[in-house]
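J.: Predicted model follows, preceded by the sequence.
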Amino acid sequence: MVHAFPRLKLPRPGGPQWRRPHRRTLDRNRIMKILHVSCSPRGALSESSRLSRRIVDLLLRLQPAAIVVERPIGDAPVPHVDADYAEAQQAHVDAAVHGGSTSCSDALIQELEAADTVVIGTPMHNLMVPSTLKAWIDHVVRARRTFGMTREGKAGFLRDRPVFVAIASGGVFTGANARQPDLLTPYLRLVLGTIGLKDLRFFSVEGTAFGGDWVARARDETDVRLRACFEDLALHDGSFARLSS
Ligand SMILES: Cc1cc2nc3c(=O)[nH]c(=O)nc-3n(C[C@H](O)[C@H](O)[C@H](O)COP(=O)(O)O)c2cc1C
């Protein structure tokens, strides 16, 4: 199910510099939501989308009634932030900005806030996240909305929740065969941690450029790690005990 951006909502009038994190009490009858953000432009050929769909499938085994909200941004990119949005990020109070990329940001943040679990499928592009994912991040990491400033630095407002990141790369960036640095995983840890999302789990299929047998082996190895992770989560992890309750 692909959700279009909801209609523009009026901003809160001149909100305070600080906004308390939104704490939700658990409603056991509430239907769980999985937000699936897929970032490759390669459609059905995408290895990262294949891996992220596999993660979504494993989550659905834990919670068969869960709703999956699809946010494909690889071939239907979210727009870059515009001047009004950039100005509002600099301001000390919420500006009464409507439309443009602010309404896009509102919609993407609401989608993220509503999710109990997030699955991101992303290629490695030039050692980093692709620009499509960076544009999404620029919309959801938003001053006074998803993080605030303290004397100690930025503090996230979002409730923490599991975030699975499925990465595909042409070369290898982990282990003894790594021939390039990895700026992608530390960056995602830092930037999503800024808004309160600290429970990140990374899985990757590396070396897609080597093709054939290599990719088949990489898929198999990743799948073993995935299944072990989900068995462990189902047994021991509090957040997934919630998911399957
Ligand atoms: C613009 C661009 C930059 C890339 N940069 C890297 C890179 O820095 N390191 C790497 O291992 N692969 C790189 N690749 C290869 C992709 O990571 C690889 O094709 C991967 O399978 C893409 O993910 P997908 O299959 O989900 O589309 C790059 C590909 C593109 C198009």
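T.: Structure's in. What do you need?
J.: Test my guess that His80 contacts Ser101.
T.: Yes - in this structure, His80 is within contact of Ser101 by C-beta atoms under 8 Å, at 7.2 Å. C-betas here are computed from N, CA, C, even on glycine.
J.: ok, those two, which is more surrounded?
T.: Neighbour count, other C-beta atoms under 10 Å: between His80 and Ser101, Ser101 has more, with 22 against 14.
J.: distance between the one helix or strand that one maps to and the chain's centre?
T.: Secondary structure assignment for Ser101, by DSSP states H and E: helix 100-114. Chain-centre distance of helix 100-114: 13 Å, with C-alpha atoms, centre = their mean, to the nearest Å.
J.: try stretch 124-141
T.: For stretch 124-141, the separation from the chain centroid amounts to 10 Å (computed by C-alpha atoms, centre = their mean).
J.: quick one: average confidence on it?
T.: Stretch 124-141 shows a mean pLDDT of 98.
J.: swap in stretch 215-228?
T.: Stretch 215-228 shows a mean pLDDT of 97.
J.: in that stretch, what's buried?
T.: Buried residues in stretch 215-228, counted by 16 or more other C-beta atoms under 10 Å: 215, 218-219, 222, 226.
J.: likewise stretch 184-203?
T.: 184-185, 187-189, 191-197, 199-200, 202-203.
J.: Can you give the contact residues for that stretch?
T.: 21, 51, 55, 118, 120, 122, 124, 127-129, 137, 140-141, 146-147, 154, 156-167, 173, 222, 225-226, 229, 239 (C-beta atoms under 8 Å, 6 or more residues apart in numbering).
J.: which residues in the chain form strands?
T.: Here the chain has its strands, by DSSP state E, at 33-38, 67-72, 117-123, 147-150, 153-156, 163-169, 200-206.
J.: mind checking which of those strands is nearest Arg61?
T.: Using C-beta to C-beta as the measure, strand 33-38 is the one of the strands of the chain that comes nearest Arg61, at 11.9 Å.
J.: what angle separates the lengthiest helix in the chain from strand 163-169?
T.: In the chain, taking DSSP state H as the definition, the longest helix is helix 212-236. Counting by axes from the mean of the first three to the mean of the last three C-alpha atoms, to 10 degrees, helix 212-236 lies at 170 degrees to strand 163-169.
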